[in-house]
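In: Kindly return the folded structure for what I paste below:
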Amino acid sequence: MTDKLGILAGGGDLPRLLVDQCLTEGRPFFVILFENQADPKDFSDVPHAVVRLGAVGKSLKVLRENAVSTLVLAGKVHRPSLSELRPDSVAMKFLLKTGAKSLGDDGLLRAVVSFLEEEHGFNVIGSDSLIATRMQSCGPLGALKADDLAASDIERGRDVLRIMGPADVGQAVVVQDGLVLGVEAIEGTEALLSRCAELKRPGPGGILVKLRKPRQETRVDLPTIGPETVQQAADAGLRGIAFDAGGMVVLRQDEVIAEADRLGLFVEAVAPLPEDD
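Out: As a prediction, the model looks like this:
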């Protein structure tokens, strides 16, 4: 029998898509909903527990009680301050051992994976091993594609992200006419787009470039776009989105295409950043 899957759920659509996939396949599973991150209403029909993010000991106990052996981390988790986290003794030991306050998102997630696998014996897998959500080849998703000016802005965005990657800062940048309107940090892509709406300049709209960091821990932190991303980009006055071919989770792809075509945006997969940078 397939190992029982534990879904550690943050916000967004991806955790519920994983639940629905398990239901379709008849795979046993249990969901840990992180308090103030995931919406319990979306999981009222399936076995789950709501656990505070800092209550790591309780999460481990619940997973063991439900005979979970394989874990997938899915959904948006807003990184809290230490006072918001209120770490229990297990979490505090982890924070002190890893020096988590000094780590970027990818460094922290690598430490979390190591903690779960090496110290507690779980097998951590990527969401993309359960559902087909990656576009593997370069090119446009919808009817529109990048013109020469957009291609130049995409290349400018790639250059910026190539520098940001080793610093483990963010996965996205907005570029218009060669000018960087904003880079993603802890606020996330939605807030980045909202901020850049106030900075847009006359002329053709800017481009959201969102790429996986070199050597990123993709099992737990693949960049994600969905129909909401397309709407947010349009609201910010952008004219296109460039994302990492083979390294991006595209949620509800048919809806992404329909929304992009309706709003007049291109959504295009581009080559990933070189791993050697």
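
In: next structured bit after the helix or strand harbouring K61?
Out: Assigned by DSSP states H and E, K61 falls within helix 56-65. Using DSSP H and E, the helix or strand that follows helix 56-65 towards the C-terminus is strand 70-74.

In: Find the residue at the geometric middle of this protein.
Out: The chain has P223 as the residue nearest its centroid, 4.0 Å off, counting by CA atoms, centre = their mean.

In: Dihedrals phi and psi, it?
Out: The phi and psi values for P223, taken as degrees, to the nearest 10, are phi -60, psi 150.

In: Check the gap between it and T189 for me.
Out: Distance from P223 to T189, counting by CB to CB, to the nearest Å: 8 Å. Bear in mind the C-beta positions are built from the backbone N, C-alpha and C, glycine included.

In: What of D128?
Out: Taken as CB to CB, the span from D128 to T189 is 19 Å.

In: So for those two, which residue has more residues nearby?
Out: T189 (23 against 17; other CB atoms under 10 Å).

In: Could you double-check that the more buried one lies in contact with T229?
Out: Yes. When contacts are counted by CB atoms under 8 Å, T189 is listed as touching T229 (6.7 Å).

In: Overlap in contacts, those two.
Out: The contact sets of T189 and T229 overlap at L208 (CB atoms under 8 Å, 6 or more residues apart in numbering).

In: quick revisit: give the residues shared as contacts by P223 and T189.
Out: Shared contacts of P223 and T189 (CB under 8 Å, 6+ apart): Q171, A172, K210.

In: Of the residues you listed, just say which sits nearest to C196.
Out: Among the shared contacts of P223 and T189, A172 lies closest to C196 (CB to CB), at 10.2 Å.

In: That closest one: how many residues sit nearby?
Out: A172 has 26 neighbours, counted by other CB under 10 Å.

In: just E268 next, same as before
Out: Look at E268: counted by other CB under 10 Å, it has 24 neighbours.

In: tell me which element it falls in.
Out: When elements are assigned from DSSP H and E, E268 belongs to strand 266-270.

In: next one: V50
Out: strand 48-51.
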